[in-house]
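Trainee: When you get a sec, could you give me coordinates for this:
(3 chains)
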Amino acid sequence: MGNCFFRGTKNTNVRISLPAVCFVWQIAMIVLFGVFIRYDEESDAHWHEFKKEHNITSDIENDFYFRYPSFQDVHVMIFVGFGFLMTFLKRYSFGAVGFNFLIASFGIQWALLMQGWFHALDPQTGKITIGVESLINADFCVAGCLIAYGALLGKVSPVQLLVVTLFGVTLFAVEEYIILTLLHCRDAGGSMVIHAFGGYYGLAISWVLYRPNLNQSKRLNGSVYHSDVFAMIGTLFLWMFWPSFNSAITDHGDGQHRAAINTYLALASSVLTAVAISSVSQKKGKLDMVHIQNSTLAGGVAMGTAAEFMISPYGSLIVGFCCGIISTFGYLYVTPFLEKHLKLQDTCGVHNLHAVPGMLGGFIGAIVAAAATEAVYSKQGLINTFDFEGAFADRTPGTQGGFQAAGTCVAIAFGIVGGGLVGLVLKAPIWGDPADDNCYDDEVYWEVPEEDESIPPILESESNFSVEQS
Amino acid sequence: MGNCFFRGTKNTNVRISLPAVCFVWQIAMIVLFGVFIRYDEESDAHWHEFKKEHNITSDIENDFYFRYPSFQDVHVMIFVGFGFLMTFLKRYSFGAVGFNFLIASFGIQWALLMQGWFHALDPQTGKITIGVESLINADFCVAGCLIAYGALLGKVSPVQLLVVTLFGVTLFAVEEYIILTLLHCRDAGGSMVIHAFGGYYGLAISWVLYRPNLNQSKRLNGSVYHSDVFAMIGTLFLWMFWPSFNSAITDHGDGQHRAAINTYLALASSVLTAVAISSVSQKKGKLDMVHIQNSTLAGGVAMGTAAEFMISPYGSLIVGFCCGIISTFGYLYVTPFLEKHLKLQDTCGVHNLHAVPGMLGGFIGAIVAAAATEAVYSKQGLINTFDFEGAFADRTPGTQGGFQAAGTCVAIAFGIVGGGLVGLVLKAPIWGDPADDNCYDDEVYWEVPEEDESIPPILESESNFSVEQS
Amino acid sequence: MGNCFFRGTKNTNVRISLPAVCFVWQIAMIVLFGVFIRYDEESDAHWHEFKKEHNITSDIENDFYFRYPSFQDVHVMIFVGFGFLMTFLKRYSFGAVGFNFLIASFGIQWALLMQGWFHALDPQTGKITIGVESLINADFCVAGCLIAYGALLGKVSPVQLLVVTLFGVTLFAVEEYIILTLLHCRDAGGSMVIHAFGGYYGLAISWVLYRPNLNQSKRLNGSVYHSDVFAMIGTLFLWMFWPSFNSAITDHGDGQHRAAINTYLALASSVLTAVAISSVSQKKGKLDMVHIQNSTLAGGVAMGTAAEFMISPYGSLIVGFCCGIISTFGYLYVTPFLEKHLKLQDTCGVHNLHAVPGMLGGFIGAIVAAAATEAVYSKQGLINTFDFEGAFADRTPGTQGGFQAAGTCVAIAFGIVGGGLVGLVLKAPIWGDPADDNCYDDEVYWEVPEEDESIPPILESESNFSVEQS
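Mentor: Here you go, the predicted model:
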């Protein structure tokens, strides 16, 4: 079709830069993995020795069987969930699902290294050992960058996305180290470290990359009927597997069990309030697919920290209730406000789905932690849930709550400052991003099939024939 | 586009009623959960004490690890399976997948309460305790209402669907209590309690809501090419995960294992006979997507009761063989007959996919139970499989078969009578349902994107230009 | 629409043959299952006795809990993964996903019998016993035939596909017996027995069925925008669940754990090099969906043999790196070359996704096996990983490597020779295949909805009206 040639004045050719970055990066990964990464005890062929040493009687106690089903659910969320959620634009489905695929595959490798250096480096051997929990954490880490992509969708080149991912994963590993290790916060489902960080990271980048003439691409900034149905695939796989997301790396036993229940409930509650606000906001009471696709998920985001705590089932419902409302209001009023007054263009509305619910989730976690008592958790339960062991044996729930709140602020700060700096890097005119009148268009970076062929030629010529006759 | 304004003469504005019902309902849920619902021993922070008391050596014996993978599969069936199966209509995909999402989220909360009061209420504390099995049961309970939605698809308002769900879940909990507890039937995959009940419930409602002039919406009562492909997503996720559905709450060990194998086989067999009947029924031997999307699933429905029994692998194949044929014949001959002569409008043909195969599944279960012997099951195996313990220690397989058959009748009776009554409630002119010439149309309850924009404006104006020139 | 009647001169009516084959076959399956197939110890109601005899303390040690989550992932790959991957053609999505469904359902039953006779026949009772591992193996076996379907897509009738499957499963069981039992190779993810065999089997059939005038169907041999998005559903579910595919039947414990990690890494690496080569091969650096849909998976295929070995994480990355490149080059240069000079028409390019990466995977496995040492595996780990027990207790890693290489050659030979013979059978003019100008068209075997109805009639008449006026 080539109509992009009429429009864009920018050079969007990435024929050198994209392959170069992919190749250099992948080769670097191979070298660094060769130097640093090894199997852990549970995935190494020496596992039978480990079993004997630790009096483990059955292979079923290998961590693989505790976490692999959840890992696969998380994996689906990362690749199908995030990917398809962004296919709603009428002409950016290839970019949504394809670039999501690219940056996630790129990011998980770097995440294994970065998170390994911070969390799993054996000081004696100088090696990082990995197992199924590392894979889940790598997927989590990349989720932060995919959230950021949501704010940038349609406005950046794949090379820019790889830069966003490279720095995003790096920043993630550092803030995660500060929050989880230094501040000793609990954040199993990542309200703070994934959603608040990722959301503000994307928003800050988008703010720096503000495009004053973006309305020149307005014709493509919307959905068509079937692209909205595709997006529901993403929504539903995220929604259904969110209990696995929030429980994937929590404690074995009651920890995983409780996190799944709490998330299930919060999500159900979000759906009802998102529908209610969507309907009441429109003259005829009609529902808006944007809200159904996004705000229904807010309860899962907001339970990322508190899901493993004893928030109680009705507490989970309340969290979902409030966040469904807040998120839908965000789509209705805050996103337009931010765009108009703060020059913040947020394609998927990650502000309402990730940044704000993630921040709220962090503070909800702080409150629930501060309110923890021995009566509810039992003495040992409190120790298990909050890891009050070693250097942190003396910490009280109240103190823990304070640290949780501090952790949320750290995540937001990393997102905003990091995103601002990365945004400046991306302003350089070397990355192949599209012109303002050429955004949201797969034509720029993809071979797009010609659409008119969907009608078989014979019919076409028939109708041509009849037209000519008339 | 707004062409709905030319047509419907009914008031379909749900701007007050839909948000009101959602809000009132969700607040009621929060209050009732606060009063009644707590974590069970395996999801509570006191789990470590429970472990010690019961000499459980490893966290892996938490019920979470027995059932969570199956739970997630069931969850996918409820939200993606049922939702996408109904996207086949050309202009009702938003309603199919969106209202399915709404009523399932609404129903699972009410189901946890209703099923809890009947099955898990601690008489001492007055509390219901929930774990992963409760979540599966809540999903099951909602499945009955989603089946009913299949008969009503495109003809009712979302508010009516919430009423259908409210009463449907309530009726479900009562009939389930009668069938599983009082009659002591086995029905792990719910041929009776889910499919027969849900199918007849939906049919009875649809019969009461008969629309004599529905052919005024005929133009929209059909599929387009891509909507049929979307529906196959639903079909396949239902088909693939049905072994999990039928095994999710069966006995640990051989019970779950056998139920999965039996269901896998019955489903494979259904596919072949559904294809055969579909092809033979058409002059040119062409296949009809309606049959492939639906009748291939009949084997799973019909194995809902017998899957956990020792029906033997070839027995499972026979069940699938017969039900694939019966279901496809139903789509070919029974649905048109019912519509013409019994004034029963069944959009998705739930009669052929759920009502009849569910009923047959109930009776198959009765026969297989009655034929059970100690030689096949072993003495202890018989006790384990049929729960011949406590008050039921003396029951023989023959008696059990009788009760299973009685249970099937109870499920059907509840469906028909309950559905009739709910249908009368829904006839009130207050629910915002569409007019007869306005059915099967997403425009009524959804903001639908304008379709012509799928062709970029510049091309359009070019072609307009050439048209003007000619 | 019926425009197929203007074109095809062949008789594509399958109204007799398709139902006949389905019925005869399904009845034969019922009889053979009745004679041969029983539950194994872990799915039989006597499991409680087996537990006692083998001192198994918990039901969680039933093989069901080790393998069922992986089984379900594999099941999704077979039905959604393979099915949707082939929906990319603009007018063959029904055939892609529907015939995939048919032949997989048909094949898994025959596979349970064929694999059972070769691997699980109890010589005393004359019975085959099945459990969850048998279901996985049946899915694997059918995968070979679905791969072959990829080479034939759009050019054969469903009856021909059933013949391909009947012989394909039979050949598979024999070559698998030779490779795994006689040669004692390891091939848990089936680089050799599934991918190399299946790929060459399909290519050989396609070569025999060469259509010199296939360019008469050129108008339909391509994608439209949304069909490419549908195909990405297939790609992603294959990609995400491939770690389960390669680990589903490996050793409990470290075997499954390691296989999942290795496959995860190889796949991530494939994505980056597939993107790089796709971009660099096009003048403007634009990506081609064909490469993203297919070549990103090459790393998973190539790890089918070596995934359970101690290939080390960076070794996995290298495998993915190379195979992503080779596969993309295949789509760019080899497929066109084969079509032009070898008269080999390969619709989905299975040569580049399965045949070559599968063959490479076999040889990679041979090299990694030959390089195995006690230092890396431990003495017992070597025995566990390579099953150096019983008659094979004396085998060294070096010898094992030689046998692995020989096994790869056996798989390829079976594919080519078997495919050639089956192709000759399919040349008979009795199978209802489409004419050269009628390929890639769902109209031939499916009731296809009329497309123009996607625009509501009222709008249509409006626009007709305006046309008439002008």
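Trainee: correct me, but A:Glu389 touches A:Gln380?
Mentor: No: taking CB atoms under 8 Å as the definition, A:Glu389 is not a contact partner of A:Gln380, at 11.0 Å. (Glycine included, C-beta is placed from N, CA and C.)
Trainee: out of those two, which sits in the more crowded spot?
Mentor: A:Gln380 (15 against 11; other CB atoms under 10 Å in any protein chain shown).
Trainee: how about the host helix or strand of that one against chain B, any contact?
Mentor: In this structure, A:Gln380 sits in helix A:379-386 according to DSSP states H and E. Yes: shown here: helix A:379-386 in contact with chain B (CB under 8 Å from any CB of the partner chain) through A:Gln380, A:Gly381, A:Leu382, A:Asn384, A:Thr385.
Trainee: Could you export those residues as CSV, including pLDDT and distance to A:Ile249?
Mentor: Formatted as CSV, the residues of helix A:379-386 next to chain B follow (pLDDT from 0 to 100; distance: CB to CB, whole Å):
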residue, pLDDT, distance to A:Ile249
A:Gln380, 95, 20
A:Gly381, 96, 18
A:Leu382, 96, 19
A:Asn384, 95, 14
A:Thr385, 96, 14
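Trainee: Show me where the stretch 1-150 of chain A has its helices.
Mentor: For the stretch 1-150 of chain A, the helices defined by DSSP state H, counting those that start in this stretch occupy A:4-7, A:17-36, A:47-53, A:63-76, A:82-85, A:93-119, A:132-152.
Trainee: Compile those into TSV and extend it with columns for mean neighbour count, mean pLDDT and distance to C:Ser279.
Mentor: Below are those laid out as TSV (neighbours: other CB atoms under 10 Å in any protein chain shown; pLDDT from 0 to 100; distance: least, CB to CB, whole Å):
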stretch	mean neighbour count	mean pLDDT	distance to C:Ser279
helix A:4-7	15	45	16
helix A:17-36	19	97	5
helix A:47-53	17	95	41
helix A:63-76	25	98	25
helix A:82-85	27	98	19
helix A:93-119	25	97	10
helix A:132-152	27	98	18
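Trainee: Out of those helices, which gets nearest to C:Cys145?
Mentor: Each of the helices of the stretch 1-150 of chain A has some distance to C:Cys145 by CB to CB; the shortest is helix A:63-76, at 25.2 Å.
Trainee: A:Ser134 against A:Leu112, yeah?
Mentor: Yes: between A:Ser134 and A:Leu112 there is a contact under CB under 8 Å: 6.0 Å.
Trainee: which residue sits closest to A:Leu112, ignoring its sequence neighbours?
Mentor: Of all residues not flanking A:Leu112 in the chain, A:Ala138 sits nearest, at 5.0 Å (CB to CB, 6 or more residues apart in numbering or on different chains).
Trainee: again, but for A:Gly253
Mentor: In this structure, A:Gly253 finds its nearest non-sequential neighbour in B:Asp59, 3.6 Å apart by CB to CB, 6+ apart.
Trainee: cool, A:Val21 as well?
Mentor: Once flanking residues are discounted, A:Val21 sits nearest to A:Leu162: 5.3 Å by CB to CB, 6+ apart.
Trainee: got it, and A:Gly154?
Mentor: A:Tyr440 (3.7 Å).
Trainee: Surely the one you found is within a strand?
Mentor: No: using DSSP: H, G, I helix; E, B strand; the rest coil, the assignment for A:Tyr440 is coil, not a strand.
Trainee: And for it, the neighbour number?
Mentor: 22.
Trainee: is it true that it touches A:Phe94?
Mentor: No: taking CB under 8 Å as the definition, A:Tyr440 is not a contact partner of A:Phe94, at 11.7 Å.
Trainee: gap between A:Ser378 and A:Asp254?
Mentor: For A:Ser378, the distance to A:Asp254 equals 11 Å [CB to CB, to the nearest Å].
Trainee: what do you get for A:Ser295?
Mentor: From A:Ser295 across to A:Asp254, the span is 30 Å (CB to CB).
Trainee: cool, and A:Leu162?
Mentor: Taking CB to CB, one finds A:Leu162 at 41 Å from A:Asp254.
Trainee: Kindly report the same for A:Gly390.
Mentor: In terms of CB to CB, A:Gly390 sits 21 Å off from A:Asp254.
Trainee: So which of these two has more stuff around it?
Mentor: Between A:Gly390 and A:Asp254, A:Asp254 has the larger neighbour count (other CB under 10 Å), namely 30 against 7.
Trainee: sec struct for the residue of chain A found nearest chain B, please.
Mentor: At 2.9 Å from chain B, A:Gly285 is the closest residue in chain A, using CB to the nearest CB. Classification of A:Gly285 using three-state DSSP returns coil.
Trainee: close enough to count as contact, it and B:Asn13?
Mentor: Yes: with contact defined as CB under 8 Å, A:Gly285 reaches B:Asn13; the gap is 5.1 Å.
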